[in-house]
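*Asks:* Let's see this in three dimensions:
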Amino acid sequence: MAEIKAQLNYLRIAPRKVRLVASALKGLSVNEAEAQLLFRPQRSSQPLLKLLRSAVANAKNNQRLNADNLVIQSIRVDNGPMLKRFMPRAMGRATPIQKKTSHVSLILEDGKSNSKLPRFNIVIPKKIKEQRGSAPKKIKARPKMERIEDKPKEKVGFIKKLFQRKSI
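*Replies:* Okay, the predicted model is just below:
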């Protein structure tokens with residue numbers, strides 16, 4: 001089994017906050033982990049997504065592996081160096097502030113035995129460069145996502161609207 005390693009050093013987010021997101025990724029396939037990171041609201045999900053995509057690119061270019069078969073074997077978040085600052089307080093005092101950093105190491109493995117069909121197909125939109133002097137290209141509107149639960153809207157009466165409003 002081939003192992004692909006990628007590291008992210010000196011991330012200016014506390015390790016405790018990064019571990020919250022990283023722990024959810026262990027054991028997932030690359031597609032599922034990428035989908036998880038895309039929809040997470042935490043600030044640490046963007047650097048982890050970038051790290052994951054870097055590891056996948058390493059696997060494709062250096063090891064000639066298929067990205068669909070890759071699985072996250074382990075993801076480790078360690079403490080990095082701490083920036084120590086002070087905040088002035090009342091009566092001439094100062095309290096210490098610790099600005100923590102973290103080191104993230106990611107190991108992917110080629111899980112050929114786990115070759116299931118991917119549940120997600122993530123498409124990254126490519127940027128189109130416009131040439132000077134040419135007419136602007138028309139962008140097609142995206143098709144609207146349809147919900148299964150679409151129901152015809154019921155008419156809402158005046159009394160119901162009145163009681164839904166916030167009080168002044």
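
*Asks:* CA atoms only: put the lengthiest helix in the chain into CSV for me.
*Replies:* Scanning the chain for the longest helix, with DSSP state H as the assignment, gives helix 45-62. What follows is helix 45-62, C-alpha atoms only, in CSV (Å, rounded to 0.1, in the frame of the first residue of the first chain):
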residue,chain,number,x,y,z
SER,A,45,-11.9,23.7,7.4
GLN,A,46,-10.5,25.9,4.6
PRO,A,47,-6.8,25.2,5.3
LEU,A,48,-7.6,21.5,5.9
LEU,A,49,-9.3,21.4,2.5
LYS,A,50,-6.3,23.0,0.9
LEU,A,51,-4.0,20.4,2.6
LEU,A,52,-6.2,17.5,1.4
ARG,A,53,-6.2,18.8,-2.2
SER,A,54,-2.5,19.1,-2.0
ALA,A,55,-2.1,15.6,-0.8
VAL,A,56,-4.3,14.3,-3.6
ALA,A,57,-2.3,16.3,-6.2
ASN,A,58,0.9,14.7,-4.8
ALA,A,59,-0.6,11.2,-5.1
LYS,A,60,-1.7,11.9,-8.7
ASN,A,61,1.5,13.4,-10.0
ASN,A,62,4.2,11.7,-7.9
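
*Asks:* contact partners of it?
*Replies:* For helix 45-62, the surrounding residues in contact (Cβ atoms under 8 Å, 6 or more residues apart in numbering) are 2, 4-8, 11, 13, 18, 21-22, 25, 30, 33-34, 37-38, 65, 67, 70, 72, 104, 106, 108, 110. All C-beta atoms are positioned from the backbone trio N, CA, C, and that covers glycine.

*Asks:* Let's see that with 6 Å instead.
*Replies:* When contacts are defined by Cβ atoms under 6 Å, 6 or more residues apart in numbering, helix 45-62 is touched by residues 4, 6, 8, 11, 21, 30, 37, 65, 67, 70, 106, 108.

*Asks:* and the following helix or strand past it, what's its mean pLDDT?
*Replies:* Where DSSP states H and E defines the elements, the next helix or strand beyond helix 45-62 is strand 70-79. Strand 70-79 shows an average pLDDT of 94 in the prediction.
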